[in-house]
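Trainee: From the sequence below, what's the structure:
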Amino acid sequence: MVTIFGTVSVIVFIASVTVSILYTKVMRLKDGVDEAFAEMDEILATESVDAENDYTEQLEKSVQKTNKAIDDYNKQIKKFPGSLIAMLVGLKKEDNVQLI
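Mentor: Residues are numbered from 1 along each chain as shown. This is a model prediction of the structure:
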């Protein structure tokens, strides 16, 4: 015979596992955004006058990669249950990168 306490324990366990999985997913997306920004910073730090076209192409690809990571992250923290995780750990929406 299953008791109410046993049923509640199972529900709490399933909820905690689900929250843990969602937290991991959101944080991986956030790490992807941080890595994309770091890659872009590295490209900006190694600007070469001799290879200006290659530099511009690398930078444009990096911006695209960064914006893709930002879009994926923002989508996840915008919808439930990712929005709940974001609220609990203080994650905020990231703005896309634009070349001027």
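Trainee: What mean pLDDT does the helix or strand that Glu39 is a member of get?
Mentor: If you go by DSSP states H and E, Glu39 is part of helix 4-45. Regarding helix 4-45, the rounded mean pLDDT is 86.
Trainee: same question, stretch 88-99
Mentor: Stretch 88-99 carries an average pLDDT of 90.
Trainee: on that earlier part again, by contact count, what packs against the helix holding Glu39?
Mentor: Secondary-structure packing of helix 4-45 (3 or more C-beta pairs under 8 Å, 6 or more residues apart in numbering; DSSP states H and E): helix 52-78, helix 82-89. C-beta: built from backbone N, CA, C; applies to glycine.
Trainee: and it with helix 82-89, angle?
Mentor: Angle of helix 4-45 versus helix 82-89, following axes from the mean of the first three to the mean of the last three C-alpha atoms, to 10 degrees, is 80 degrees.
Trainee: before we move on, the earlier item: and the helices and strands packed on helix 4-45: which comes nearest Thr7?
Mentor: helix 82-89 (23.0 Å; C-beta to C-beta).
Trainee: so what secondary structure elements neighbour that closest one?
Mentor: Against helix 82-89 (3+ C-beta pairs under 8 Å, 6+ apart) you get helix 4-45, helix 52-78.
Trainee: what residues does that helix touch?
Mentor: 19, 22-23, 25-26, 76-77, 91-92 (C-beta atoms under 8 Å, 6 or more residues apart in numbering).
Trainee: could you redo the last one with a cut-off of 10 Å?
Mentor: Here helix 82-89 makes contact (C-beta atoms under 10 Å, 6 or more residues apart in numbering) with 19-27, 29-30, 73-78, 91-93.
Trainee: Would you indicate which residues of that helix are buried?
Mentor: The neighbour-count check on helix 82-89 (16 or more other C-beta atoms under 10 Å) flags 82, 85-86 as buried.
Trainee: Direction-wise, compare that helix with helix 52-78 and give the angle.
Mentor: If you take the same axes, to 10 degrees, helix 82-89 sits at 90 degrees to helix 52-78.
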